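J.: pasting the structure only:
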């Protein structure tokens, strides 16, 4: 059974850091770009970051630029999201997914979603 699993979320104080991981079973990420999205209660799922298969190109939402870094280890079928200088408004469930083509910042361009990992930023 093909699975994508996010981990690394938790409770952190404002200004703190977290490193999220997204691991895929099998080789479903092989040759594909991967994206991170997030969804807060009552809000739509929004784009966070995107990385190409080689890792040579990355794209970020405006709120993530300068604070978040996406990377990947293809040997481990894992994509990471390093989040620094976290703010309360970053509180959300964070998801990763495989890019199937089209517009990279639209969640409809992705498949193989994980269950998400909760990130809570609070004092």
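T.: Good, I have the coordinates. Keep in mind the model is a prediction, meaning the values are calculated, not measured.

J.: quick one, helices of the protein?
T.: With DSSP state H as the definition, the chain shows no helices.

J.: pLDDT at the spatially most central residue of it, what is it?
T.: Taking CA atoms, centre = their mean, the centroid of the chain lies closest to residue 36, which sits 2.5 Å from it. With respect to pLDDT, residue 36 scores 98.

J.: now swap in the one 10 residues further on and tell me
T.: Model confidence at residue 46, expressed as pLDDT, equals 98.

J.: what number of residues lie near the closest residue in space to residue 29 that isn't next to it in sequence?
T.: Among residues not flanking residue 29 along the chain, residue 77 sits closest, at 5.4 Å (CB to CB, 6 or more residues apart in numbering). From N, CA and C alone the C-beta is placed, and that goes for glycine too. Residues lying near residue 77 (other CB atoms under 10 Å) number 18.

J.: quick one, what contacts residue 77?
T.: 23, 24, 25, 26, 27, 28, 29, 30 (CB atoms under 8 Å, 6 or more residues apart in numbering).
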